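In: Coordinates only, no sequence provided:
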């Protein structure tokens, strides 16, 4: 019987805790971003075969069975109650508050389009502010995807259908 996503994620998070390593440390050892490491361990991202040995070296207790599970395409989902968690709520609030301005700047700098969440890198970093207090730096690094004018002549599927 196939193990549930939450069960696998729970086992993976337990291995991380037992290792005593932070996401940042595992990221350094694997060459991944700290957020991507967290996604892998929460089964929100797919482990690639060439990264598996690096992850296993960083987390030696990681079994071949768990590695194989991590290499399957994940079910990318979230708990709808997660929005109630204060950090997630504030992050969502910040994106909603600044979103319209961010969108306008993207359009001004790039044109009519969006930032990809597929060809996307994300990291969380800690820096000291000018006042000496800790600050959170979130980096969203996504490929720009322009919206396209939908000309029927460019619609390959339509051209194929007409050719039949």
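Out: Received it, and whenever you're ready, just let me know what you need. Keep in mind that what you see is a predicted model, and the values were worked out from it rather than measured.
In: what pLDDT does residue 162 get?
Out: Looking at residue 162, its pLDDT is 63.
In: let me redo that: residue 14
Out: According to the prediction, residue 14 has pLDDT 96.
In: same check, this time on the one 4 residues further on
Out: Residue-level confidence at residue 18 comes out at 96, pLDDT.
In: Identify each buried residue in the lengthiest helix in the chain, please.
Out: Scanning the chain for the helix with the most residues, using DSSP state H, yields helix 86-110. Using 16 or more other C-beta atoms under 10 Å as the test for burial, helix 86-110 gives residue 106. C-beta: built from backbone N, CA, C; applies to glycine.
In: Beyond that helix, next helix or strand please.
Out: Sequence order places strand 113-128 as the next helix or strand after helix 86-110, per DSSP states H and E.
In: So for that next one, mean pLDDT?
Out: Strand 113-128 shows a mean pLDDT of 95 in the predicted model.
In: Please apply the same query to stretch 136-152.
Out: For stretch 136-152, mean pLDDT rounds to 92.
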